[in-house]
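A.B. asks: Structure for the following, please:
(one chain, ligands or ions: 4)
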Amino acid sequence: MNIQPDADQQTPTVLIVDDVPANLDVLVEHLQREAVHLVVALSGEEGLRLAKEIGPDLILLDVMMPGIDGFETCRRLKADQDTNDIPVVFLTAREDELDTEKGLRLGAVDYISKPFSMPILKARLRNHLALKRKSNLLLQLACTDELTRVGNRRHFNKMLHSEWGRATRNQTPLSLVMLDVDYFKRFNDHYGHPEGDRCLAQIAGALDSVLHRPSDMLARYGGEEFVVLLPETERDGAAAIAEQLHASVFNLALPHQSAGTEGRVTISLGVATAVPAALNTPEDLLAWADNALYQAKAQGRNQVFV
Ligand code: GH3
Ligand code: MG
Ligand code: MG
Ligand code: MG
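C.D. replies: Numbers count the residues shown, from 1 in each chain. Ligands and ions are numbered 1, 2, ... in the order given. Model (predicted):
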């Protein structure tokens, strides 16, 4: 999955959770003129489901609700890594000090008691959304390789470990493709480093166009080396993707006129697949893919080694 370059430009989504439809009506009526997209839920359960599904930028949460109340809803949002970054603002008739402290301790960014002032609520929401936008941008910068706009090594390592954990729990295969540009030193020597940079960015674009599952992840591992993480993918499937990755770069037909090359830029790829076992680590999968890549290079480059 590629990282959206314009994640900070989108209209923010606010999820409002309240069991009383009249309360929702009042909030929607007043907030709909703000530059936000509003989604409503009538229970904690529905709020949790929607939060996971749409990933809102802020959740406005009632406390007293039948079923799971707002406090429990907040606790579960914060315990789930898919939703724990979403700022929660309580909006409630329960206004004693203990409740306020509890809501904030559970991780809410704000606690607003009824009766409340609509202009102040709006001002607070705007401030929280501005902060969320900045933290999204920071997160995106921390995960992105500046030159190629794909994931960076730091993000890849994080995803490798979390996908390894998931594959271990579910006993599903996890595949990794490691690839390296052939004779890239000669490319730089011949065409210059700026042209080399442009070449790497084009290669990243071609590689990315091959991946279609949201869970697939491309990253620049370093220099002229890229990695592709393929969750729930068997060896045959990974080999087929690797062939497509190989063809995508070959078909760019970027000229590379120097000794040993095919007249165009090519890549070598190594594929590794594992269903995690107790004695293995994600670093083993990396080492296997690296070893396969070494074999692809040793057998003449411009090929996939599985
Ligand atoms: P091989 O086929 O064995 O991979 O040969 P190679 O020349 O590609 O491998 P080597 O490791 O000797 O050289 C890698 C080159 O990649 C060296 C370096 O100049 C270039 N390179 C690494 N990172 C960048 C980058 O960010 N931009 C540019 N332009 N070149 C880079
Ligand atoms: Mg209520
Ligand atoms: Mg190379
Ligand atoms: Mg290299």
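A.B. asks: Near ligand 1, which residues of the stretch 51-200 of the chain are found?
C.D. replies: Within the stretch 51-200 of the chain, the positions near ligand 1 by CB under 6 Å from any ligand atom are 180-186, 188, 193, 196-197, 200. In this view, the C-beta of every residue, glycine as well, is placed from N, C-alpha and C.
A.B. asks: show me which of the residues you listed neighbour ligand 3.
C.D. replies: Applying CB under 5 Å from the ion to those, one finds that 180-181, 184 fall near ligand 3.
A.B. asks: Give the buried subset of the residues you listed as a ChimeraX selection command.
C.D. replies: Applying 16 or more other CB atoms under 10 Å to those, the buried members can be selected in ChimeraX as follows:
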select :180,181,184
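A.B. asks: Count the neighbours of the residue in the stretch 151-300 of the chain positioned nearest to ligand 2 for me.
C.D. replies: Among all residues of the stretch 151-300 of the chain, Pro214 sits closest to ligand 2, at 34.8 Å; criterion: CB to the ion. Burial measure for Pro214: 8 neighbouring residues, criterion other CB atoms under 10 Å.
A.B. asks: hmm, back to that, tell me which of the ones next to ligand 3 among the residues of the stretch 51-200 of the chain next to ligand 1 fall in helices.
C.D. replies: Under the assignment DSSP state H, these contribute Phe184 to helices.
A.B. asks: Give the residue farthest from the middle of this protein.
C.D. replies: The outermost residue of the chain relative to its centre, with distances by CA atoms, centre = their mean, is Ala259 at 39.9 Å.
A.B. asks: Shouldn't that one be within a helix?
C.D. replies: No - applying DSSP: H, G, I helix; E, B strand; the rest coil, one finds Ala259 to be coil, outside a helix.
A.B. asks: That one and Asp189 touch, don't they?
C.D. replies: No - Ala259 lies out of contact with Asp189 (CB atoms under 8 Å); the separation is 10.9 Å.
A.B. asks: residue ranges with poor pLDDT in the stretch 1-150 of the chain?
C.D. replies: Within the stretch 1-150 of the chain, the set of residues satisfying pLDDT under 70 comprises 1-9.
A.B. asks: what about the helices in it?
C.D. replies: Assigned helices in the stretch 1-150 of the chain, in chain order: 21-31, 44-54, 70-79, 97-105, 118-143 (criterion: DSSP state H, counting those that start in this stretch).
A.B. asks: now the end-to-end length of stretch 51-64.
C.D. replies: 19 Å (CA to CA, to the nearest Å).
A.B. asks: So it, near ligand 2 or not?
C.D. replies: Yes - looking at stretch 51-64 against ligand 2 by CB under 5 Å from the ion, the contacts come from 62, 64.
A.B. asks: Pull out the buried residues from that stretch.
C.D. replies: If you call a residue buried by 16+ other CB under 10 Å, then stretch 51-64 has these buried ones: 51, 56-63.
A.B. asks: show me the residues around the residue of the chain found nearest ligand 4 that make contact.
C.D. replies: Nearest residue of the chain to ligand 4 (CB to the ion) works out as Asp180 at 4.4 Å. With contacts defined as CB atoms under 8 Å, 6 or more residues apart in numbering, Asp180 is in contact with 224-226, 267-268, 293, 297.
A.B. asks: do Asp19 as well
C.D. replies: If a contact means CB under 8 Å, 6+ apart, then Asp19 has 42-43, 62, 64-66 as its contacts.
A.B. asks: ok, now Leu61?
C.D. replies: Taking CB under 8 Å, 6+ apart as the criterion, Leu61 is in contact with 17, 47, 70, 73-74, 88-91, 108.
A.B. asks: Which of the residues you listed ranks first by neighbour count?
C.D. replies: Each of the contacts of Leu61 was scored by neighbour count (other CB under 10 Å); the top score is that of Gly47, with 30 neighbours.
A.B. asks: So it sits against Asp18, correct?
C.D. replies: No - contact status for Gly47 versus Asp18: not in contact, 9.1 Å apart, counting by CB under 8 Å.
A.B. asks: okay, now Val304: neighbour count?
C.D. replies: Under the neighbour criterion other CB under 10 Å, Val304 is assigned a count of 24.
A.B. asks: pLDDT value on it, please?
C.D. replies: The predicted local confidence for Val304 comes out at a pLDDT of 98.
A.B. asks: Just confirm Asp236 is within a helix.
C.D. replies: Yes - counting by three-state DSSP, Asp236 is part of a helix.
A.B. asks: Next, work out how far apart it and ligand 1 are.
C.D. replies: For Asp236, the distance to ligand 1 equals 26 Å [CB to the nearest ligand atom, to the nearest Å].
A.B. asks: From the structure, what's the count of residues near that residue?
C.D. replies: By other CB under 10 Å, 11 other residues sit near Asp236.
A.B. asks: All good on my end, thank you.
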